[in-house]
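**Student:** Quick one: sequence plus predicted model below, questions after.
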Amino acid sequence: MNLDADRPERLVPGRIARYARRGVSAGGETMARHWRQGVLLAFVLQLGQACGDGGDGIGSAPAPLRDEPRGAILISIDTLRADHLGCYGYERATSPAIDELAARGALFEEVVSSAPWTVPAHMSMLTGLYPRSHGVDEHGKVLPSETKTLAEHLAEQGFATAAIVNGPMLSRKNFARGFQVYDFVPTRGRGRPEPTLPLGSHASEILARAQEWLAENRARRFFLFLHLYDVHSNYEAAPEFRAQFARPYDGVVDGTTKQLHAYLGRNEGEPDWGPQDARHLVDLYDAEIRQLDGALAGFFAFLESSGLARETALALTSDHGEEFLEHGGVLHGPTMHREALRVPLLFAGPGIAGGTRYRGQASPVDLFPTLTRLLGVSTPPGLEGIVLPVAPQEQMEWPPARAVFSESRQWPGAEEGDFRGSIRAGPWALHVDQRSGTQQLFQLEQDPAELRDASRENPDLVRELRSELDAYLANARAALEAEPLDREELEALQALGYQ
């Protein structure tokens, strides 16, 4: 079955199509199917399928929408790792409201962000393009006028559009395109209590503004984008949430962005942090998730009580994760490992079957075409994402045979032209660092923590994946010139410990 007849090369990049297929046993469990071409090159893919599949290898799409959603809400929770949510198997009670959303909707188990930091990853969500195509891969770069955003496309279809965002990286000059309302809630007050906000929390203010806008615009078709920054460092949840998660600790780690950046840039010979320090960072981070989840619980209750939940397509995701010394680092941006790239992706709304879980790889570039399909409007040509199977459509094959890509060109110490990238094909992930000339291969089903480099045992596979990654990069748009950050942008980044 041709899932995307107009863009087959985007669905299955290059020669990956000849090798990446999935096989399913009679009992519905995933098996390996070996494909060989030339000199014994084989990909062993163990890709899953939608729950409830009858074992024929074709994942059935959920029942078609009874009524077309009136609108859509896209919630991006900055820096949220998928594996720190209960619905993704986490053992701590960080996310009861998000878990409930997953129980009444669809969850994608392996979502690979297009970049391990905020700006390019969010631009991929809103353009349906990878960073090498939209070009906004560094601070100061501005999206070209010919690239249409999801908000611009929906506004042209008559939708009311609004964004309520938090965090200085989602600058107005880049991210306000197509939004009739662009409401920026500054990160002022992080680190000190304010009368109107819990310590370190701005989600309550953002979600209150979202409720007001929805109440004013629910008679129209609408698109609302919410960016929540609370989980991002500084890790400074209110005391009642810290008390739930923070175990005894007498070390130096405080969870501030300034200290974490200083650790990344420390001189050789300075002491490393150890397991107790990493555990304390995790405790502070988990407390932030729980605090944010409480704010989301109230927002989800509003959607239910107002009736909006029955007429709204809701998507919840993140731009990237966070590292807690799994590979020697902290924060995000420098690493292509799963702790920085694996993010949640949930959909709920009319016609979306509750409790559905999809294996196989999804990407932020899939949000644009999936949301337009859910809303029943046209999808512009040239997008690099695919329509995920939550949308109303006939039977589609899931998981699709595809590779997904990630890249980063900006991290502490990076120089002009530096590049780190990753390609995922089935259970295989190849990481490439152009500056050092290193590349590592990981078999994620056998080694989910990416601790063992399997490149020496699989040289043909490394060459094939590297060839696909190089072909992906070769199709990049001409590099955009970065504009100097204005004083307001610099001050906002400095206040968070970034400059």
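**Tutor:** Great, that's in hand.

**Student:** Alpha carbons only: can I get stretch 371-389 in CSV?
**Tutor:** What follows is stretch 371-389, C-alpha atoms only, in CSV (Å, rounded to 0.1, in the frame of the first residue of the first chain):
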residue,chain,number,x,y,z
LEU,A,371,-3.3,18.0,12.8
THR,A,372,-4.4,19.3,9.4
ARG,A,373,-5.8,15.9,8.6
LEU,A,374,-7.6,15.7,12.0
LEU,A,375,-9.1,19.1,11.3
GLY,A,376,-10.2,18.1,7.8
VAL,A,377,-8.3,20.9,6.0
SER,A,378,-5.8,20.6,3.2
THR,A,379,-2.2,19.9,3.9
PRO,A,380,0.3,21.9,1.9
PRO,A,381,2.8,20.1,-0.3
GLY,A,382,6.4,19.6,0.6
LEU,A,383,6.2,18.7,4.2
GLU,A,384,8.6,16.1,5.5
GLY,A,385,6.3,14.5,8.1
ILE,A,386,3.6,11.8,7.6
VAL,A,387,0.0,11.6,8.8
LEU,A,388,0.0,9.5,11.9
PRO,A,389,-2.7,6.9,12.1
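
**Student:** Report the buried residues of it.
**Tutor:** Residues of stretch 371-389 classed as buried: 371-375, 377, 379, 383-389 (neighbour count, 16 or more other CB atoms under 10 Å). Glycine gets a C-beta too; all of them are placed from N, C-alpha and C.

**Student:** Save those as JSON lines, and put in distance to F324 and secondary structure too.
**Tutor:** Shown next, in JSON lines, are the buried residues of stretch 371-389 (distance: CB to CB, whole Å; DSSP: H, G, I helix; E, B strand; the rest coil):
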{"residue": "L371", "distance to F324": "32", "secondary structure": "helix"}
{"residue": "T372", "distance to F324": "36", "secondary structure": "helix"}
{"residue": "R373", "distance to F324": "37", "secondary structure": "helix"}
{"residue": "L374", "distance to F324": "35", "secondary structure": "helix"}
{"residue": "L375", "distance to F324": "38", "secondary structure": "helix"}
{"residue": "V377", "distance to F324": "41", "secondary structure": "coil"}
{"residue": "T379", "distance to F324": "38", "secondary structure": "coil"}
{"residue": "L383", "distance to F324": "34", "secondary structure": "coil"}
{"residue": "E384", "distance to F324": "31", "secondary structure": "coil"}
{"residue": "G385", "distance to F324": "30", "secondary structure": "coil"}
{"residue": "I386", "distance to F324": "32", "secondary structure": "coil"}
{"residue": "V387", "distance to F324": "35", "secondary structure": "coil"}
{"residue": "L388", "distance to F324": "29", "secondary structure": "coil"}
{"residue": "P389", "distance to F324": "33", "secondary structure": "coil"}
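
**Student:** quick one: E146 from R477, how far?
**Tutor:** 10 Å (CB to CB, to the nearest Å).

**Student:** Now do T79, the pLDDT please.
**Tutor:** pLDDT, T79: 93.

**Student:** give me every residue that touches it.
**Tutor:** By CB atoms under 8 Å, 6 or more residues apart in numbering, the contact list for T79 reads 231-233, 318-322, 332.

**Student:** And H122, by the same measure?
**Tutor:** 76, 169-170, 175, 227, 319.

**Student:** Residues contacting stretch 284-292, please?
**Tutor:** Here stretch 284-292 has contacts from 77, 80, 84-85, 92-95, 198, 200-201, 203, 228, 230-231, 235-238, 241-242, 244-246, 255, 322, 324, using CB under 8 Å, 6+ apart.

**Student:** Please save the CA atoms from that stretch in PDB.
**Tutor:** Extracted as PDB, the C-alpha positions of stretch 284-292 are listed here (Å, rounded to 0.1, in the frame of the first residue of the first chain):
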ATOM      1  CA  LEU A 284      14.400  18.000  41.400                       C
ATOM      2  CA  TYR A 285      13.300  17.400  37.800                       C
ATOM      3  CA  ASP A 286      10.600  14.900  38.800                       C
ATOM      4  CA  ALA A 287       9.200  17.400  41.300                       C
ATOM      5  CA  GLU A 288       8.900  20.000  38.400                       C
ATOM      6  CA  ILE A 289       7.000  17.500  36.300                       C
ATOM      7  CA  ARG A 290       4.600  16.700  39.100                       C
ATOM      8  CA  GLN A 291       3.900  20.400  39.700                       C
ATOM      9  CA  LEU A 292       3.300  21.100  36.100                       C
END
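
**Student:** could you give the mean pLDDT of stretch 141-160?
**Tutor:** 93.

**Student:** what about stretch 210-228, distance to the chain center?
**Tutor:** The chain centre lies 22 Å from the centre of stretch 210-228; the measure is CA atoms, centre = their mean, to the nearest Å.

**Student:** what comes up buried for that stretch?
**Tutor:** Buried residues in stretch 210-228 (16+ other CB under 10 Å): 210, 213-214, 217-218, 221-228.

**Student:** quick one: low-confidence parts of the stretch 201-350 of the chain?
**Tutor:** Residue ranges of the stretch 201-350 of the chain with pLDDT under 70: 201, 262-263, 265-269, 333.

**Student:** quick one, helices of it?
**Tutor:** Remark: helices assigned in the stretch 201-350 of the chain by DSSP state H, counting those that start in this stretch are 203-217, 239-245, 257-264, 275-306, 338-341.

**Student:** Could you pull out the buried residues of the fourth one?
**Tutor:** If I follow you right, that is helix 275-306. Under 16+ other CB under 10 Å, the buried positions of helix 275-306 are 277-297, 299-300, 302-303.

**Student:** again with stretch 176-189
**Tutor:** Quick answer for stretch 176-189 (16+ other CB under 10 Å): 176-179, 182-185, 187.

**Student:** could you dump it to PDB, C-alpha only?
**Tutor:** Presented in PDB, the C-alpha positions along stretch 176-189 are these (Å, rounded to 0.1, in the frame of the first residue of the first chain):
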ATOM      1  CA  ALA A 176       4.600  34.600  16.000                       C
ATOM      2  CA  ARG A 177       4.100  33.900  12.300                       C
ATOM      3  CA  GLY A 178       0.400  33.100  11.600                       C
ATOM      4  CA  PHE A 179      -0.800  33.700  15.100                       C
ATOM      5  CA  GLN A 180      -3.300  36.400  15.400                       C
ATOM      6  CA  VAL A 181      -2.500  36.500  19.100                       C
ATOM      7  CA  TYR A 182       1.000  35.800  20.300                       C
ATOM      8  CA  ASP A 183       1.000  36.100  24.100                       C
ATOM      9  CA  PHE A 184       4.500  35.800  25.600                       C
ATOM     10  CA  VAL A 185       4.700  35.200  29.400                       C
ATOM     11  CA  PRO A 186       8.200  36.100  30.500                       C
ATOM     12  CA  THR A 187      10.200  33.800  32.800                       C
ATOM     13  CA  ARG A 188      10.500  36.600  35.300                       C
ATOM     14  CA  GLY A 189      10.400  35.500  38.900                       C
END
